[in-house]
Structures are given as C-alpha cells and as structure tokens.
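> Turn this into a structure:
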Amino acid sequence: MPCFFLYFFLLGLDLLGSSAKVIGGCTAGTLLGDDTNPIAALMIGILATVLLQSSSTTTSIVVSLVGSEAIPTRQAIYMVMGANIGTSVTNTIVAMGQMGDGDQLERAFSGATVHDMFNFLTVAILLPVEAATGYLYRLTEVMVSEESVSEGEKW
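Model prediction:
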C-alpha cells in the first residue's frame, strides 16, 4: 500500500516538473539572463517555495529545469538555497496552527525557530562562499564529469 502512494507522489512530481518545463521552460533561462545574480536567484527560490508551500517540490522543479537545460546550474544552486529559506514560512504557519494550547504553541514555535535559524545560517555561510569561489558548482561538475548520455540513450 505505501508503494502505491509513493508511486502517485512521484508521478505528481513528474507531472508538475513537466508542466513547469512547458509553461516556463522557454523563458526560465532568460529570466536572469546570462549573468548569474545570486540574490535574484535566491529570491526566486524563496518565492516559489512560499507559493508552492514545499521546498521538495521547488527543488524537484529546479532540478528538472536544469536537466532540460532550461536554466544553468549556477542559477539553480542559488534557487535551491532560496527553497531552503522559503520552507521557513511553511513551518511557521504549521507552528501557528497550535494556538489552542499555549504550551504546545511554545514548543512548536521554538522548533520552527531552530529550523529557521539552521536554514538561515547555512545559506548565510554557503551563499558568499559560492558567490566568491563557485565551490558548489565545481563540486557538481566533478560529481557528474564522467556521466554522459548520448542522443537516444536512456539513463
């Protein structure tokens, strides 16, 4: 039974990614132009996650857009960082759902705050490092350097 639901979850993500490619794929690459603006890409990731209420969905869409070469990898790195920050809105909304019980609200809100601080500090450290050195981009190049797919080949 869990495999049944997992299948439909993955199917839904695939359909969402395919529709994102169809709707915005042609213009997604030109959204930021040839220049990679880290703050603009970060804000796009935050906005997409706030609208979709799921950092996993946003990340899946970004990965599928990179796979279809609609957006470059450098921009996608910053968008995924933005997705991590955008998920802070979701956990704050969930924490506020506990307003009926003061003790429960306090515990939920403190858990959400710890999660938020972890995401904010991670991005505050990695964003300048990536912008200055391109460390994460180079790391992804090394990870997929030997992977190549010819025309008509399947993964």
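> then the helix or strand hosting Val50 to PDB, C-alphas only?
Val50 belongs to helix 38-52 when elements are defined using DSSP states H and E. Output in PDB follows, covering the C-alpha atoms of helix 38-52 (Å, rounded to 0.1, in the frame of the first residue of the first chain):
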ATOM      1  CA  PRO A  38      22.800  35.200  -6.700                       C
ATOM      2  CA  ILE A  39      20.300  37.400  -4.800                       C
ATOM      3  CA  ALA A  40      17.800  37.300  -7.600                       C
ATOM      4  CA  ALA A  41      18.000  33.500  -8.000                       C
ATOM      5  CA  LEU A  42      17.700  33.200  -4.200                       C
ATOM      6  CA  MET A  43      14.600  35.300  -4.200                       C
ATOM      7  CA  ILE A  44      13.100  33.200  -7.000                       C
ATOM      8  CA  GLY A  45      13.600  30.100  -4.900                       C
ATOM      9  CA  ILE A  46      12.100  31.700  -1.800                       C
ATOM     10  CA  LEU A  47       9.100  32.900  -3.800                       C
ATOM     11  CA  ALA A  48       8.500  29.600  -5.500                       C
ATOM     12  CA  THR A  49       8.700  27.700  -2.200                       C
ATOM     13  CA  VAL A  50       6.300  30.200  -0.400                       C
ATOM     14  CA  LEU A  51       3.800  29.800  -3.300                       C
ATOM     15  CA  LEU A  52       4.100  26.000  -3.500                       C
END
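> Which elements pack onto it?
helix 55-67, helix 73-96, helix 102-133 (3 or more CB pairs under 8 Å, 6 or more residues apart in numbering; DSSP states H and E). C-beta: built from backbone N, CA, C; applies to glycine.
> Please repeat the previous calculation with a cut-off of 10 Å.
Under the contact criterion of 3 or more CB pairs under 10 Å, 6 or more residues apart in numbering; DSSP states H and E, helix 38-52 touches helix 2-31, helix 55-67, helix 73-96, helix 102-133.
> Cool, thanks, signing off.
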